[in-house]
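*Asks:* Return atomic coordinates for the entry below.
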Amino acid sequence: MRLSEVAIDDVKKYIRVTDDEDDKLISDIMNAAKGYITSYTDMLPEEADAFEEISVAFMCLCSDMYDVRTASVSAAKENPIVRNILGMHRKNLVI
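*Replies:* Residues are numbered from 1 along each chain as shown. This next block holds a predicted model:
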């Protein structure tokens, strides 16, 4: 599945949400995850569509963002799946 094809129902299934109560939050999370991906890789959304594995990183990001909704962070850790997938396609290699 390409990034542009991922719908809210796909994300809800991935994060195991069965009701519509958090749809606005999940939609906001999806937008934030797409922004993170395009910023991290320096790709346009259309370019990200060329790599189906980016949708897996997208789902992981959405899950992480949904699960960790606190005002403070105890330990800033980057999801290794996200890091590895997006790192393969990163244009800007400056860290």
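
*Asks:* Break down the chain into its helices, ranges please.
*Replies:* Taking DSSP state H as the test, the helices found in the chain are 8-14, 23-41, 45-48, 53-67, 80-88.

*Asks:* Would you format those helices as JSON lines with distance to Arg2 included?
*Replies:* All C-beta spots, glycine's among them, are computed from the backbone N, C-alpha and C. Shown next, in JSON lines, are those (distance: least, Cβ to Cβ, whole Å):
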{"stretch": "helix 8-14", "distance to Arg2": "11"}
{"stretch": "helix 23-41", "distance to Arg2": "12"}
{"stretch": "helix 45-48", "distance to Arg2": "8"}
{"stretch": "helix 53-67", "distance to Arg2": "6"}
{"stretch": "helix 80-88", "distance to Arg2": "14"}
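
*Asks:* closest one to Met1 among the ones you listed?
*Replies:* Met1 lies closest, by Cβ to Cβ, to one member of these: helix 53-67, at 4.8 Å.

*Asks:* contact partners of that closest one?
*Replies:* The list of residues contacting helix 53-67 from outside it, by Cβ atoms under 8 Å, 6 or more residues apart in numbering, reads 1-3, 5-6, 10-11, 14-15, 17, 22, 25-26, 29-30, 32-34, 36-37, 41, 48, 79, 81-82, 85-86, 88-89.
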